[in-house]
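Trainee: Here's my sequence, what's the structure:
(chains A and B)
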Protein chains: 2
Amino acid sequence: MPQPPPEPEIIMLDTPEIPLATFEGLVFGPRSDMPIWQQIRDHILGLIEGGALRPGSQLPGETHLAASLGVTRITLRQALQQLQAEGHLTARKGVGIFVRSPPAIFSVRDGHPFRENIETHSAPITTDTRFVRRELATAELAARLRIAEGAGIIHLRRLRLLGDQPVYVNDKHFPADRFPDFEALYTERQSVTDVFRASGIAAFRRVETRISGGFSSADEAENLRLTPGTPVFHLNARNEDDKGRTIEWTSGCWPLMSVEFVFGAPTK
Amino acid sequence: MPQPPPEPEIIMLDTPEIPLATFEGLVFGPRSDMPIWQQIRDHILGLIEGGALRPGSQLPGETHLAASLGVTRITLRQALQQLQAEGHLTARKGVGIFVRSPPAIFSVRDGHPFRENIETHSAPITTDTRFVRRELATAELAARLRIAEGAGIIHLRRLRLLGDQPVYVNDKHFPADRFPDFEALYTERQSVTDVFRASGIAAFRRVETRISGGFSSADEAENLRLTPGTPVFHLNARNEDDKGRTIEWTSGCWPLMSVEFVFGAPTK
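Mentor: From the prediction side, this is the model:
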């Protein structure tokens, strides 16, 4: 086991550290069937769900927290690892452990054009465009976009953040021959819908959306700042123009606990 | 690389146990950053994904398997617990550990009436009706069904099985005053759609479907034969009749790795 690093004296302004006293009040069930680490897990989850531990805030160092709860660091670590695996906490290497934000709502409504609508009850959603570049279609992407293997495609990767916390990493692929000015248009307007319009597509629609479950790959974990192996949603979707031609294939990844998908939501 | 397994001498028809030799061939990376239990987890997952471990088949006993892999039972157990948490394996108390089946496809298509469509590439899907009974609406269910708290509701619980493995537990609630003969009609026809028709509902539609992620409760774990805390999908949906009145509220739970949801799937 690595030795505990000395605790920092300084509290960073943007990552508020939770005071130790917040964790007090846990009384272990002496004859409980439940292992102590699990009682700690439940206690910390209760503090998160009750609002005592705010999203984005940083947990105290392991040594202090273990002492405060009256357990060994090994026991505490089991509880914290479980909470990370469940997506309630997230670790940043060399920085610390943080409380994740509550779910965003991702609404998938019918109609022209498709609206990718993220609502949250907490911080605003922002978009970080990681890159837009030209590539050659792999066999899989060619099949998805109904184009020839090796044909030119445009690859746009974006990250959606809730506050400063990434909640959605998204790879969009477009057939290059439909969008000769994609980069210039996107850079100017920062909206795929606007690029579609400016490229002469009068109407388009989401024809298929697929949602499956899995566990974050190393890449996804890095983009979403998750512990690798955290359960995630995988989303795939296809957009067609009004002539039934595929103009976009999207692959996205959300932490399991960070989103609720709503299909066909009523207007109120 | 794994050695080709020798053919088993005896094949059990209902719960075939996997021969130990299937697991041979794992060479630990001596200077690997990866803990041994994780190498074992990857090895077993590779055997599942490669088809060497067939869905529904039973793993050898821990003692034998640990000896065969050349690790302690504690190390093996960490790997098996991780694979259970990920939904690749499932434990039955006092029976053993089994390989889970590959995903079913749950299609959610638009239109009248809503089709709850499960396609699989392996075993057929069957339905086990656990109970149908009358209850009084809790505040939450009353709000969901747009009826008064304490009003009568009908509660139908069903389990969907892929082969003999439960993949979906589903609680449907209906306003009792709309369906005075629900039990008799359902018993006779075994179909909710047929009950709707026989109760004078000409057309109905799924107006809202919500999908979120979580971890199986004790109840859900028992119904789905999962290790509690396994990641799951939660599905909620609402059906309206052609006059815009809510006639059904559904809450369902799927193991994360057992289903892919498809919305607005194309006809071919």
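
Trainee: okay, CA-based contacts and neighbour counts for the rest of this
Mentor: Noted.

Trainee: and stretch A:67-81, which residues are buried?
Mentor: A:69, A:73, A:76, A:78-81 (16 or more other Cα atoms under 10 Å in any protein chain shown).

Trainee: List the contacts of stretch A:248-258.
Mentor: A:86-88, A:101-104, A:141, A:144-145, A:167-175, A:220, A:224, A:230-240, B:212-214 (Cα atoms under 8 Å, 6 or more residues apart in numbering or on different chains).

Trainee: Cross those against strands and list the overlap.
Mentor: A:104, A:167-175, A:231-240, B:212-214 (DSSP state E).

Trainee: Just give me the neighbour total for the residue of the stretch 51-200 of chain A found nearest chain B.
Mentor: Closest residue of the stretch 51-200 of chain A to chain B, Cα to the nearest Cα: A:Glu86 (7.5 Å). By the criterion of other Cα atoms under 10 Å in any protein chain shown, A:Glu86 has 23 neighbours.

Trainee: tell me, what residue is most central in chain A?
Mentor: A:Val167 (2.4 Å; Cα atoms, centre = their mean).

Trainee: distance of A:Asn223 from A:Gln84?
Mentor: For A:Asn223, the distance to A:Gln84 (Cα to Cα, to the nearest Å) stands at 16 Å.

Trainee: and those two? which has more neighbours close in?
Mentor: The neighbour count for A:Asn223 versus A:Gln84, taken as other Cα under 10 Å, is higher for A:Gln84 (23 against 17).

Trainee: ok, now which ones touch the more buried one?
Mentor: A:90-91, A:227, A:230.

Trainee: returning to that earlier point: can you tell me which of the contacts of stretch A:248-258 are buried?
Mentor: A:86-88, A:101-104, A:141, A:144-145, A:167-175, A:220, A:224, A:230-240, B:212-214.

Trainee: In three-state terms, how would the closest residue to A:Ala143 other than its chain neighbours be classified?
Mentor: Nearest non-adjacent residue to A:Ala143, counting by Cα to Cα, 6 or more residues apart in numbering or on different chains: A:Glu149, 7.8 Å away. What DSSP: H, G, I helix; E, B strand; the rest coil gives for A:Glu149 is coil.

Trainee: for A:Met34, same thing?
Mentor: Reduced to three states by three-state DSSP, A:Met34 is coil.

Trainee: separation between A:Leu235 and chain B?
Mentor: 10 Å (Cα to the nearest Cα, to the nearest Å).

Trainee: Same check on A:Pro35?
Mentor: Counting by Cα to the nearest Cα - A:Pro35 and chain B are separated by 14 Å.

Trainee: about what we covered before: including pLDDT and secondary structure, could the contacts of A:Gln84 go into CSV?
Mentor: Below are the contacts of A:Gln84 laid out as CSV (pLDDT from 0 to 100; DSSP: H, G, I helix; E, B strand; the rest coil):
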residue, pLDDT, secondary structure
A:Thr90, 81, strand
A:Ala91, 80, strand
A:Thr227, 77, coil
A:Thr230, 83, coil
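
Trainee: got a winner among these for most neighbours?
Mentor: Neighbour-wise, the contacts of A:Gln84 (other Cα under 10 Å) top out at A:Thr90, 26 neighbours.

Trainee: residues in contact with the residue nearest to the centre of chain A?
Mentor: A:159-161, A:224, A:254-255, A:258-259.
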